[in-house]
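Enquirer: I'd like to go over a predicted model; first the sequence, then the structure.
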Amino acid sequence: MLVDGLVTGELDAAAAAAARPPSTAAWPPSPERRIWTADEAVRFLRHCHQADPDLADLFEFLIGTGLRTGEALGLHWDDVQLAQRVLYVRCTLSAIDNNHLVITTPKTRTSRNWVAVSPRVATALQHRARSRTRRHSDPSDPFTGLVFCRPDGQPLRPHTVLDRLRQLSKEAGVPRVTVHDLRHLAATITVTAGVPLTVVSKTLRHSALSTTANIYSHLTQQGAREAVDTIDHTLTRAQKRNARRAWLERLRPPRDHIQHLREALNRLRSPVPPAFSTMANQPQSGRAATLRPPAFRAWKRPSSHV
């Protein structure tokens, strides 16, 4: 019985080990997320404005604000203040079982916040305001007054937006991405441009700064390298300036030598007047000397010979 019990226990342990999912360390690494470049995003938006202007406004909005898909699809006109260039995130659109659409509030308090509106996003919102249909609205209907909706005023399904994004991406010749990747695109552009991480975290409405730092650690590492490179370049330029200054100091003659050169130049400009005779340059003795004229000799006429 004891042997049978040991065998039975071992079989149970083996069955439990087989049913247990493998550890995360044994899983293959997830593929790196593919984010559009700025050129690819511009190419995609240019094609969208020609092929589907209404959804182009939505994609402009998602990239320009970094809002989540449900937050953009649940945005109401009452929460948009174009004059102040700001909007308030108070609602989100969710799909239950990918079928039933409901309007709920954002999960965290940080998500329920205001977001600044850029001129490009304001243009997209103004286009939506001009193109929306005027009809009788039911105040009790939670879908009344949606900014991004179907022509009949009903909300857009997230899967419909995703399918349309993939189709337009293929037509524009850009890599295939998800709708949530547009939020990462907005963060990537701001972080790469040097916007402080605190501001990026506020724009994305993350609950903690560490969340932003962890998600975009590869970008912050690049910024850290650029920061230390800036220190290196600044010190190197200062070192070169000091070396050049020391080299110029070595080439400059001493001040006493300059004074000697100035005195010599002054002597050349005002030379000593010439002396009256050679005796003037000889030292004079204490007794005065009198110069006598040579003795007079009478001139004799030469004798003539007869």
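Expert: That came through fine. Owing to the predicted nature of the structure, the values given are computational and were not obtained by experimental measurement.

Enquirer: what comes up buried for stretch 74-84?
Expert: Taking 16 or more other C-beta atoms under 10 Å as the basis for neighbour counts, the residues of stretch 74-84 that come out buried are 74-76, 79-80. Just so you know, the C-beta spots here come from the backbone N, C-alpha and C atoms, and that holds for glycine as well.

Enquirer: so A116 touches R85, yeah?
Expert: Yes. In terms of C-beta atoms under 8 Å, A116 counts as a neighbour of R85; the distance is 6.5 Å.

Enquirer: break down the protein into its helices, ranges please.
Expert: Secondary structure of the chain, counting by DSSP state H: helices at 2-19, 38-51, 53-65, 69-73, 119-131, 158-172, 179-192, 197-204, 209-215, 217-251, 255-269.

Enquirer: so where's the stretch 151-300 of the chain shaky on pLDDT?
Expert: Confidence mapping of the stretch 151-300 of the chain against pLDDT under 70 gives the ranges 252-257, 271-300.

Enquirer: between the buried residues of stretch 74-84, which is nearest N99?
Expert: Using C-beta to C-beta, G74 comes nearest to N99 of the buried residues of stretch 74-84, at 16.9 Å.

Enquirer: list the contacts of that closest one.
Expert: Shown in contact with G74 (C-beta atoms under 8 Å, 6 or more residues apart in numbering): 91-93, 103-104, 146, 155.

Enquirer: show me which of those are buried.
Expert: By the neighbour-count criterion of 16+ other C-beta under 10 Å, those include these buried positions: 91-93, 103, 146, 155.

Enquirer: hang on, the earlier thing: out of the buried residues of stretch 74-84, who's nearest Q259?
Expert: The nearest member of the buried residues of stretch 74-84 to Q259, counting by C-beta to C-beta, is V80 at 79.7 Å.

Enquirer: please consider this matter closed, and thank you.
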